[in-house]
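Q: got a structure for you, letters missing:
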Ligand code: AGP
């Protein structure tokens, strides 16, 4: 987590850093700070809380610097107080460092540095870095800034990206990447660095993402890149296909609402990319560009993910098992790493992460890769990534990627990236079914044709539900607990509806498989606990209706996500969130939309910060 940004060039650095931090605030907002170098001194300004607090402080100060670094923090080590805010400095207050990540061996380093006379003023792991650099500068025969930083990072354990400046090297901005994202931006006589591209796209689209174990020196004259051994590397920037309007609200009150409304377009983009319209007999209608070796003799699939991506993975499991007949297990990445199942042969491991930076997912995939290394061919790692950021760490780590084409998502609560992940799973499951001939080609074509109708069904849902969900939000804004029920392919949608509500509205919500409610959770129900049931026609429709009846018998108010014209449903439910009647297999893409809107409007009604809910960050780059 945390966002870092840096600038060196000929313009005033402060505004560039603040504007960059604004675009990175989704990564954390416990505190913010910047450090600049001017008139032979390093100047550091920090503030607790959101970026506007830092901005207010900076309005009182004239800063003529043309070099600087900035940070927006999601607290890991040490409370979210100003004294723990980045940048951190060495004892002489010459060197300033911002970090995204964790230095795992900071305790030993800190003790050692203290014994050598360094004075620490924060509780953070980051503070060891400027002191360590100062120590290497003091003791080294060379006075090369980059070299001292290189030696220092060789002593750090963990996953981190850092940016460093010093009053003693006023023309150098040094950046390091070790398992946390960092991209360099190339301008005309000016250079940028950031944890993520939105922070720099207003200035340049020529970017170079650093690889793990790389260190770069940015000066007004250019960029030099080295590895941790000190060897110079040759690298070229590439042009980013990205417009800065993608990271504007475009008239919507919040990014989350804008992103919910972008979902029809996201589905269309995935349909265009991965499903062929005109195919000759014998040709696959799915075009994921994946090699045959990945699929050959496949016996099992394991999917690793966290949060909303884990919910998408559960739907993926349903689709793969039902369409392609391959036994599939879904794991929380954070659990998998420390208790992996026994090694199985001919197994595809899929990592799902919208950001491509979730530390738990990356670590679980790395572990899986490592434990399969050197094994006989059938046990060797076959890895596939599903991500919205193919340029991310996941993209670097895994050779085969399905890119989910949702465009950048700024709201911390995932919405359009979830729908895009579902599209990736439809494509993958249908591709597997086609290749294994578990579903007749005609049926596959029929499903794809139905998928092509989904964008306009989402549009209709958005149109009809905006007012409805707003009205319901008015009634439920003060509710303390919610239960979400779904079954079969829509059980993960119940989980996702509950997650959306709790993460942005801070209302306690639980999602259950509807049939499981009578085994315990039913004890929670009374008139104060509303139940949202996803009841769409298909294999479990009658069952869900019965489970909903059980809740109603306990006085719960029932909200039904169900097709419009269903007489039975209309009678049972107190409130309806109608969705169109589509094939059961496709119903999750529609059913999730009213739940996203409900969560959004409840949170907005409660006056909460929808896009930046408390304690959360968009990409969780720590374990
Ligand atoms: C989603 O609304 C959450 N903010 C969170 O659960 C998220 O899905 C999770 O942290 C995984 O992120 P990823 O998809 O980037 O790996």
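A: Alright, I've got the coordinates. Source: prediction; values computed, not measured.

Q: Name the SS class of the residue nearest to the spatial centre of the chain, please.
A: Against the mean C-alpha coordinate of the chain, by Cα atoms, centre = their mean, the closest residue is residue 355 at 3.5 Å. With DSSP: H, G, I helix; E, B strand; the rest coil as the basis, residue 355 sits in coil.

Q: Can you classify the nearest residue to it once chain neighbours are set aside as helix, strand or coil?
A: Taking Cβ to Cβ, 6 or more residues apart in numbering, and ignoring the residues beside it in sequence, residue 355 has residue 619 as its nearest neighbour in space, at 3.7 Å. All C-beta spots, glycine's among them, are computed from the backbone N, C-alpha and C. Classification of residue 619 into helix, strand or coil gives coil, according to three-state DSSP.

Q: Pull the contacting residues for residue 619.
A: 1, 27, 355, 357-358 (Cβ atoms under 8 Å, 6 or more residues apart in numbering).

Q: Sketch out the low-pLDDT regions of this structure for me.
A: In the prediction, the chain carries residues with pLDDT under 70 at positions 242-245, 564-569.

Q: Taking it, what residue is nearest to the ligand?
A: Taking Cβ to the nearest ligand atom, the ligand has its nearest neighbour within the chain at residue 307, 1.9 Å off.

Q: Any idea how many residues pack against that residue?
A: A count of neighbours around residue 307, defined by other Cβ atoms under 10 Å, yields 22.

Q: and the ligand, which of the contacts of residue 619 reach it?
A: 355, 358 (Cβ under 6 Å from any ligand atom).

Q: Quick check: the two most widely separated of the contacts of residue 619?
A: Between any two of those, the greatest separation by Cβ to Cβ is 12.3 Å, found for 27 and 358.

Q: Longest helix in the protein, please.
A: The helix of greatest length in the chain, counted in residues with DSSP state H as the criterion, is given as helix 441-476.

Q: Find out how far it is from the centre of the chain, if you would.
A: Centroid separation for helix 441-476 versus its chain: 24 Å, with Cα atoms, centre = their mean, to the nearest Å.

Q: list the helices and strands the very next helix or strand once past it packs on?
A: Beyond helix 441-476 in the direction of the C-terminus, DSSP states H and E gives the next helix or strand as strand 481-486. For strand 481-486, the packing partners by 3 or more Cβ pairs under 8 Å, 6 or more residues apart in numbering; DSSP states H and E come out as helix 491-505, strand 508-513, strand 531-534, helix 541-552.

Q: Deepest in the core, which of the ones you listed is it.
A: When these are scored by mean count of other Cβ atoms under 10 Å, the highest mean neighbour count falls to strand 531-534 (a mean of 30).

Q: So which elements touch it?
A: Here strand 531-534 is seen to pack against strand 481-486, helix 491-505, helix 541-552, strand 558-563, helix 587-605 when contacts are counted using 3+ Cβ pairs under 8 Å, 6+ apart.

Q: For the stretch 201-350 of the chain, which residues are neighbours of the ligand?
A: 306-309.

Q: ok, back up a step: any chance of the helices and strands packed on strand 481-486 in a markdown table, with distance to the ligand too?
A: Below are the helices and strands packed on strand 481-486 laid out as a markdown table (distance: least, Cβ to the nearest ligand atom, whole Å):
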| stretch | distance to the ligand |
| --- | --- |
| helix 491-505 | 6 |
| strand 508-513 | 13 |
| strand 531-534 | 17 |
| helix 541-552 | 24 |
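
Q: Which one, of the ones you listed, ends up nearest to residue 600?
A: Each of these was scored for nearness to residue 600 using Cβ to Cβ, and the closest is helix 491-505 (7.1 Å).

Q: Quick one: list the elements packing against the closest one.
A: With contacts defined as 3+ Cβ pairs under 8 Å, 6+ apart, the secondary structure elements packing on helix 491-505 are helix 307-319, strand 481-486, strand 508-513, strand 531-534, helix 587-605.

Q: Can you show me the strands along the stretch 51-200 of the chain?
A: Ranges of strands in the stretch 51-200 of the chain, per DSSP state E, counting those that start in this stretch, are 67-73, 88-89, 95-103, 158-166, 173-178, 183-186, 191-194.

Q: just to revisit the earlier point, give me the helices and strands touching the longest helix of the chain, please.
A: Contact analysis of helix 441-476 by 3+ Cβ pairs under 8 Å, 6+ apart lists helix 263-274, helix 416-436, strand 575-579, helix 587-605 as its packing neighbours.

Q: now these as JSON lines including mean neighbour count?
A: As requested, the helices and strands packed on helix 441-476 are exported to JSON lines (neighbours: other Cβ atoms under 10 Å):
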{"stretch": "helix 263-274", "mean neighbour count": "20"}
{"stretch": "helix 416-436", "mean neighbour count": "25"}
{"stretch": "strand 575-579", "mean neighbour count": "21"}
{"stretch": "helix 587-605", "mean neighbour count": "26"}
